[in-house]
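Q: dropping the sequence and predicted coords here.
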Amino acid sequence: MAEARQERLRLEGVRKAFRGAAGEVEVLRGVSLALGAGEFGVITGPSGSGKTTLLMVAGLLQAADGGTVWFDGREVSGLGEDERTEIRKHGVGMVFQKFCLLPHRSALDNVMFRFRYLDHPVREALRLSEAALERVGLATKAKQAARLLSAGEMQRVAIARALALPPKLLLADEPTGNLDPDSAARVMELFHELNREGMSMVLVTHNPEWVASGTTHWTMRDGHLARG
């Protein structure tokens, strides 16, 4: 008998709205998706279609207004913020188009920020952070201030921060959008390497070149998500 497919992430009928000056705007309109362990999902779609909000809900940074979210087979949509944070700390890594680095702190300090709210001994956090920088090819830039790094290097520092405690699920929101072609290709190769090692991934991108690199492709439009 074939082994049952292990699901890393599932969303069913997820809705999310925000209130602005013009009233309530529904950003996610009954979104459903399933991502198996070790799968690489790619989401494309026009700007403003809800892709970033979808990642924020999937990454447990925001709570859905309706529908259900499962992570590793556990329903998490009904959890409070503290419980979602605990799951996110150890299970989910996120990489954004904007690197979200402290510009005057070193690359190593920025990676160690991953441990700020975790009960990790400083020496162990240092070891893991140095290993993460080595993994992304930046061991020699560990003491350099983030503001002095190239855009490609800053993005790799952001990836190292997400990998310092290797997550089960890595969510990347336009991670190559601000990079030159060579740096973008290097980042994507790193993502594929991580995926080959078993890490589940969801990539949001406008770049059609990256669509074929995933195991699953979704298109987002006006808050709706569809396969292909």
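A: That came through, no problem.
Q: now stretch 191-201, how far from the chain's geometric center?
A: On the basis of C-alpha atoms, centre = their mean, to the nearest Å, stretch 191-201 sits 12 Å off its chain's mean C-alpha point.
Q: start and end of it, how far apart?
A: End-to-end span of stretch 191-201 (C-alpha to C-alpha, to the nearest Å): 8 Å.
Q: buried set for it?
A: Within stretch 191-201, the residues scored as buried using 16 or more other C-beta atoms under 10 Å are F191, L194, N195, M199, S200, M201. The way it works is simple: take the backbone N, C-alpha and C, and place the C-beta from them, glycine included.
Q: the first one contacts L171, correct?
A: No. Between F191 and L171 there is no contact under C-beta atoms under 8 Å: 11.3 Å.
Q: okay, and the common contacts of the two?
A: Shared contacts of F191 and L171, defined by C-beta atoms under 8 Å, 6 or more residues apart in numbering, comprise M201.
Q: residue boundaries of the helices in this structure?
A: For the chain, the helices defined by DSSP state H cover 51-58, 81-91, 107-112, 122-135, 151-163, 181-196.
Q: of all the ones you listed, which one is nearest T219?
A: helix 51-58 (9.8 Å; C-beta to C-beta).
Q: who are the packing partners of the closest one?
A: strand 7-20, strand 23-36, strand 169-173, strand 200-204 (3 or more C-beta pairs under 8 Å, 6 or more residues apart in numbering; DSSP states H and E).
Q: many thanks, we can stop here.
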